[in-house]
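Undergrad: Please work out how this folds:
(2 chains)
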Amino acid sequence: MLSERIQKLRETSLNAVNRLSAERALLITEFYAEHPAGTPSVPVHRALAFEHLLRHKQLSIQEGELIVGERGPAPKATPTYPEISLHSLKDIEVLDSREKVSFRVDKETYEVYRDKIIPFWEGRTNRDRIFERMTKEWVAAYEAGVFTEFQEQRAPGHTVLGKKIYERGLLDLVEEIDARIAAIRLLMKGASSIGTTTDGTTSGGVTTSGATTGKTVPDTAGNMTQEAAKLTAQVEELEAMKIAAEAMIMYAERNAALLRDLAGQTQDARRRSELLQMEKVCRKVPAHAPETMHEALQYYWFVHLGVISELNPWDAFNPGRLDQHLLPFYERDLAKGRLTEASARELLQAFWIKFNNHPSPPKMGVTAQESSTYTDFCLINLGGLKEDGSDAVNEMSFLLLDVIEEMRLLQPSSMIQVSRRSPDSFVDRAIQIVKTGFGQPSIFNTDAIVQELLNQGKSILDARNGGASGCVESGAFGTEAYWLTGYFNLVKVLELTLHNGLDPRTGRQVGIRLENQGGSRLEPKTSISPGVQSGNSSGNHGGSYAEKQASNGSGNPGGQITGKSGATRTEALFETGEGARVSAQMEPQTGTALDRSPGARHGAPVDSSEGGALAFESFEALQEAFRIQLNYLVDIKIAGNVAIERLFAEHLPVPFLSLFIDDCIQNGKDYNAGGARYNTSYIQGVGLGSVTDMFTALKTHVYERKTISPGGLMKVLEDDFEGHEAIRAELIYKTPKYGNDDDTADVHATWVFEQFHAAVDGKPNHRGGVTRINMLPTTSHVYFGSVVGATADGRHAGEPLSEGISPVQGTDTHGPTAVLKSAAKIDHLKTGGTLLNQKFTPGFFRDERSVRKITQLVRGYFGMMGHHIQFNVVSADTLRDAQQHPEKYRDLIVRVAGYSDYFNDLGTALQNEIIRRTEQEL
Amino acid sequence: MPTIFDIKRFALHDGPGIRTTVFFKGCPLRCRWCHNPESHNTEPEEYPDLRQVDGKEISITRIYGKKVTHAALMEEILKDKVFYLESGGGVTFSGGEPLMQPGALIELLEAAGSEGLHRAVDTSGYAAPETLLQAAAYTDMFLFDLKLMDPEKHKACTGVDNRLILANADRLLQRGAEVIFRIPVVPGINDTVQEMNDFFSFFRQREGQFREVHLLPYHKTGAHKYRRLEKEYDFGDMETPGDEWMQRLREQIESAGVLVTIGG
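TA: Purely as a prediction, here's the structure:
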């Protein structure tokens, strides 16, 4: 089935050993040593560093390759990014020696790090800058495991390419840049003579086109200077983009020259003509717009390499809607006889292998030790809708599904977008591949994605051109900078609530300390230092947040929040109102409970002098306290995000990436500074299933059946159930659980979800956009579980939390339809993505009729506006055997949570969890 | 109020599409191999469910069987309506023997019909003819179990004569009802040459009156339930028939001109 060439390339890629390469670190260090950062301007300095890298990096072309270019000097030779974060010698040793997914480090690399890289960068990385600026409240919450920080070791990413490169070459972009620069220069002249200026930047997240028709501003010296500075910054950024574009053309030319040399050396006439053909491709793209599929793929690959070499953005980079982009080239090539279906297939396979050669950059510190997943989350989108709203499934969608099945590679990962208009045959075909048990493709609901994006204020065109990237994150492709900022541990918040803000693991005060003042309001006991928002004392979170930011602003070491606070406030107030309504619906008895105890209404623990230990007057009081803690901790996270986003805007622009995301060129503004049309920041909620089951258990046993006293339960949890096995059995087996379509439990899922949404949604980020939520864990539910003690749902201390919006492992006993019904009760359309994992044994897919029923199951979920579902098809016995005999299962890939990974590469805890996850037996 | 002992959602093999199967408690038959001993008696039965919790054995009292109101049961059935509509599925009433509680069954069939659900009844066929025909008026499909053709063997293995069952099968076919015959394949009991030839002749004679036969290989999931209920079970050690053997039986039955599915 696979050609000999592809088989060889695939084998080589699978067998290549991950190595740490010091090449990039060395070149960047060399450059920074000669050219001090920020000279002549920050963006131009970064662009020149990029140019230096591409001019001097070693080229690597493998025997038999059709698409060329590697990020490091060889496949899987992985560079580091010391300007972002610096590996210590100890980190390097850990990477070299750790059991899972090691990165080999040779002696030379070690010495280069010891003698050159570390001495130069120590104390000067962006990571150092980040930790210097974080408040002590932020650090306390971060260290307690309330949240993680994405940008601490990697640059902001999560962006996906649109169709731009298939229509325009880099020289076209340079032409556009020159025109923009000329226009701005004219304005600068005009501004100094007549005092009018232009505002070509974004407003409300939507570009105002026609920058030359700007508005008049008052003719004051201050405004003039500010305006001039802005225009100067735009010119600098545009100049940097131009340097970056030309650097990539130069790099392509270097590859072309090497291809010509190789052609001269080979004895094989067929290969010679191939190499000469490839040389031609590299001289055409990326400088000019592609005409053939080969040129389109090679152009994309150069862009991909540029983006992941410039910095180490999260989730690599992603061509997005590949079937849509490639179809016209494919059809044209077929018509002109340049390609056959077979040769097109081979070209696509050769392209696939390139992704697999690039593991994610190795982490450092504790994460280097613990992190056991090294896929780089490139997610190819197939299907979905066209711009005009019609079905986008085409011949290329099916051809690429064949390639996915035949290649069976970890990277790139793949997904299908299913809309109401997608044919069943398309979904069936995808499920037949899922059935082969390597976890791809995952399945997404286009109709939900489009509505999510519309809800965020995007245009219908941009929404239909969007999709999902990373794990499950919705985005407008080619026009949006949507940054994931960190996972957020909902279970930890409830644990802190039960201890009145104290972390029982460390004894540190992490949450807010609440005090019942006997009146109708609950106030924080300690004052909160500037820069961190205090927990709001009343219901109108959004409003008070914006007000306090406005008054707090400049004195805020956590970062100044600027921008459209007025608009945001209205939106947040609205959301809060909605959340309150939902909670009232959920708890019909609220009225009577409140009347008894006015203080309880606001979440005050009855006896706060003992650390709050669960002594809440009522369940509603507990909920209110949770809400206050949640808002307090979310606000700390957001203040940190704002500060970190500013650091990237000021110190680490990405002029190369900015070339490709609209409207960075138009705005003369960097991707990292808010140049994109849409700028969203996400916080990812983790542990929804666990926190739901905890609330249900507390309500059922402590507040309704009163079978255990609050103090009694706290003791049981403190003892981690030792000696309380019968109580643990009650908590596990005699409590309604999320995931069974039982409202008794599911109301708590929707309640927590609404609270989280209200706490986050609409709060401004640093880039003119706002913060939003999505619900996905990647592997953080394992880490987050490790920092939480025993919980009321019967979970032992340290065990993993539930992942995504899936039920707690093993608690869904009513089959997949019940899981989907429960999961659909939360309002997916308010998020930027949710993750639902369902594991099936192969028996579920045994014939076409069964496959079709799975398709119908998916459609039922999507009809309820579920965002995403993925299937793990493997038997538990197989997994256990794989744990015992890893050597026999070198290619066993499983879905982890939103992506697939080699089972062998997962840590034991994660392996055990996957085994435990409910198997849906027939 | 019907007494039921289980509700299984996402049932894929009890009729077309995605279904919910409702198991009625109480059965007139006592098949020796039955894997649902909790279905025999009409009344609810308590049993201790032993669970390992942190190395300690904790006993949790559970009850097989529950009287449920019509409204509660319909609510449960309708929970998966969205999936029935996507898949052309619906509800299957099984047991036990659903026709042992005819009033409740017919009420439910009627209600499911007015919700537009596809309705199937999984029956042993051992019921008063008038009851069966009454139910047939509200049923879209019968899953009709056949255990053995030989009346004496049938009585020995299930406790009842099969003449009523076979006559009822014909009543349904003559009425034009959609019927799928289901044979639990129990090694040594009904998969012998003689028995299979009998099934073959039965189907052959009725060619054109129905389309489909399901062969359900015996499986021993019931053994632990017998232990819980402190009942004897002499089939605990029997092996599930192998794939190859099932294929051979399938080919034989198929030659009677019907479509055969293994496992339903």
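Undergrad: of all of the stretch 301-450 of chain A, which residue lies closest to chain B?
TA: Distances between the stretch 301-450 of chain A and chain B by C-beta to the nearest C-beta are smallest at residue A:424, namely 10.4 Å. C-beta coordinates here come from the backbone N, C-alpha and C atoms, glycine included.
Undergrad: Compute the number of surrounding residues for that residue.
TA: Neighbours of residue A:424 under the rule other C-beta atoms under 10 Å in any protein chain shown: 13.
Undergrad: mind checking the backbone torsions on it?
TA: With angles defined as degrees, to the nearest 10, residue A:424 sits at phi -60, psi -30.
Undergrad: hang on, isn't it packed against residue A:852?
TA: Yes: assessed by C-beta atoms under 8 Å, residue A:424 is found in contact with residue A:852 at 7.0 Å.
Undergrad: Name the residues of the stretch 51-200 of chain B found near chain A, please.
TA: B:51, B:53-54, B:56, B:58, B:60, B:79-80, B:82-83, B:85-87, B:89 (C-beta under 8 Å from any C-beta of the partner chain).
Undergrad: Tell me which of those fall in helices.
TA: In helices, judged by DSSP state H, the following of those are found: B:82, B:83, B:85, B:86, B:87.
Undergrad: helix/strand/coil for residue A:870?
TA: Under DSSP: H, G, I helix; E, B strand; the rest coil, the three-state class of residue A:870 is strand.
Undergrad: That one pairs with what?
TA: As for beta bridges, residue A:870 partners with residue A:837 under DSSP bridges.
Undergrad: State the mean pLDDT of stretch A:693-701.
TA: The pLDDT scores in stretch A:693-701 average 98.
Undergrad: before we move on, what about stretch A:324-336?
TA: 98.
Undergrad: Moving along the chain from the helix or strand bottoming out on mean pLDDT in chain B, name the first helix or strand you hit.
TA: Lowest on mean pLDDT, DSSP states H and E among the helices and strands of chain B sits helix B:223-228, with a mean of 76. Downstream of helix B:223-228, the first helix or strand assigned by DSSP states H and E is helix B:243-254.
Undergrad: can you list contacts of that following helix?
TA: For helix B:243-254, contacts defined as C-beta atoms under 8 Å, 6 or more residues apart in numbering or on different chains pick out B:185, B:191, B:196, B:199, B:200, B:203, B:213, B:215, B:217, B:260, B:262.
Undergrad: redo that, cut-off 6 Å
TA: The contact list for helix B:243-254, computed with C-beta atoms under 6 Å, 6 or more residues apart in numbering or on different chains, reads B:196, B:213, B:215, B:217, B:260, B:262.
Undergrad: ok so, going back, any chance of a PyMOL selection covering the buried ones in the ones in helices among the residues of the stretch 51-200 of chain B next to chain A?
TA: This is the PyMOL syntax for the buried subset of those, where burial follows 16 or more other C-beta atoms under 10 Å in any protein chain shown:
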select buried, chain B and resi 82+83+85+86+87
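Undergrad: Residue A:247 versus residue A:790, what's the distance?
TA: Residue A:790 is 55 Å from residue A:247, where distance means C-beta to C-beta, to the nearest Å.
Undergrad: How about residue 44: what's its closest non-neighbour residue?
TA: Since no chain was named, I'll use chain A. Closest residue to residue A:44 apart from its sequence neighbours, by C-beta to C-beta, 6 or more residues apart in numbering or on different chains: residue A:240 at 4.8 Å.
Undergrad: Correction: the question concerned chain B.
TA: Using C-beta to C-beta, 6+ apart, the nearest residue to residue B:44 is residue B:65, at 3.6 Å.
Undergrad: Alright, calling it a day.
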